[in-house]
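Trainee: What follows is a protein structure lacking sequence information:
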């Protein structure tokens, strides 16, 4: 079930990390697969996963997603999954090397932006290479957004005139 109570459809966001664009400047986006257990897939498809505070990290030549909250499946049994377990991301080895080099640069982080379904019903992760915003950058983003809203209001009010 999605946010509106309907089953999740292909191409639809299952979970979005709304704080990512507020806290980080997004430099590059990458689509990755994710290794999930059966009960995790059911919970993610219901839109119950949480990405706030999540990040990706390269360890031992593999890419892992950490701090993603996927609560236990309500109808699961004793083999239900751990809520905050580390999950492996499925990426080509050359991509992993590139991401590791970026991760090692000062100030860059790998942040998941959203979980979504592909046309074949496969859960994917949109991962971004990000640089943390300073307080001034965040203020500038807010100022720019408010100025855009105000100009859109002006255009709309003159159109009705």
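Mentor: Perfect, thanks for sending it. Computed from a prediction, not measured in an experiment: that's the story for all the values here.

Trainee: any chance you could map the helices in this protein?
Mentor: 18-23, 38-45, 93-104, 135-160 (DSSP state H).

Trainee: Can you tell me the centre-most residue of the protein?
Mentor: Centroid-nearest residue in the chain: residue 113, 2.2 Å away (criterion: C-alpha atoms, centre = their mean).

Trainee: these two touch, right, residue 117 and residue 123?
Mentor: Yes - using C-beta atoms under 8 Å, residue 117 is in contact with residue 123, at 6.2 Å. Where you see a C-beta, it was placed from the backbone N, CA and C, and this is true even at glycine.

Trainee: between those two, what contacts are shared?
Mentor: 14, 45 (C-beta atoms under 8 Å, 6 or more residues apart in numbering).

Trainee: residues contacting the nearest residue to residue 65 once chain neighbours are set aside?
Mentor: Take residue 65 and drop its neighbours on the chain: the residue closest to it by C-beta to C-beta, 6 or more residues apart in numbering is residue 87, 4.7 Å away. Contact analysis of residue 87 by C-beta under 8 Å, 6+ apart lists 34-36, 40, 64-65, 68.

Trainee: The same query, at a cut-off of 10 Å, please.
Mentor: Contacts for residue 87 (C-beta atoms under 10 Å, 6 or more residues apart in numbering) come out as 34-37, 40, 54, 56, 63-66, 68, 70, 81, 125.

Trainee: Over to residue 101?
Mentor: Counting by C-beta under 10 Å, 6+ apart, the residues that residue 101 touches are 58, 108.

Trainee: same deal with residue 80?
Mentor: Applying C-beta under 10 Å, 6+ apart, the residues near residue 80 are 37, 39-40, 43, 71-74.

Trainee: show me where pLDDT drops low in the chain?
Mentor: 1-11, 79, 81-82, 159-161 (pLDDT under 70).
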